[in-house]
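Trainee: how would this look folded up:
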Amino acid sequence: MLPLLRRTAVLALTLTASVASAAGDSQITLRNHSSWVLHELYLSPVDEEEWGPDQLGSEVIDTNGEFLLTDVPCEVYDVRLVDEDGDACVLEAVALCNHDASWDIRDDDLLGCQAETDE
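Mentor: Take a look at the predicted model:
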């Protein structure tokens, strides 16, 4: 279970991407290798104080499942993940400016976010 979390690292998720040759929209595959089903995913440009819409909509990212996030404008975002219990993890200043990128979300990523909050 993940309590409301705040992460100040640039990126806690493992991000593997090809370098984009020009600015534009990104396509990102999220792979959930954690023990928690992810129910919500929000993005917010770092200079704004409101979360955008839930990028998962009615879908979830099951354990060992994946989700394709498309048409993400090239920008730096805060990312909010919410698990099956409603617990959230916020990753700050994540650069989403790569085409055909993938994120592998693991327990260590989410637990690291939790440990930072518990300090």
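
Trainee: are we agreed that residue 111 is in a helix?
Mentor: Yes. Assessed with DSSP: H, G, I helix; E, B strand; the rest coil, residue 111 lies in a helix.

Trainee: what's the burial count for it?
Mentor: Other residues within reach of residue 111, judged by other Cβ atoms under 10 Å, total 15. (C-beta placed from N, C-alpha, C; glycine too.)

Trainee: next, residue 108: phi, psi?
Mentor: Backbone torsions of residue 108, given as degrees, to the nearest 10, read phi -60, psi -40.

Trainee: tell me how far it lies from residue 35.
Mentor: Noted for residue 108: a distance of 11 Å to residue 35, by Cβ to Cβ, to the nearest Å.

Trainee: how about the nearest residue to the spatially most central residue of the chain, chain neighbours excluded?
Mentor: In the chain, the centroid-proximal residue (Cα atoms, centre = their mean) is residue 79; its distance is 4.9 Å. The spatial neighbour of residue 79 that comes closest, neighbours along the chain excluded (Cβ to Cβ, 6 or more residues apart in numbering), is residue 91 at 4.6 Å.

Trainee: can you map out the helices along the chain?
Mentor: Applying DSSP state H to the chain gives helices spanning 107-118.

Trainee: wait, the residue nearest to residue 79 touches residue 113, no?
Mentor: Yes. If you go by Cβ atoms under 8 Å, residue 91 and residue 113 touch, sitting 7.1 Å apart.

Trainee: okay, the closest residue to residue 54 other than its chain neighbours: pLDDT?
Mentor: Distance criterion Cβ to Cβ, 6+ apart; nearest residue to residue 54, sequence neighbours excluded, is residue 40 at 4.9 Å. pLDDT recorded at residue 40 is 95.

Trainee: tell me what residue 40 is bridged to.
Mentor: Legend: beta-bridge partners of residue 40 under DSSP bridges are residue 82.
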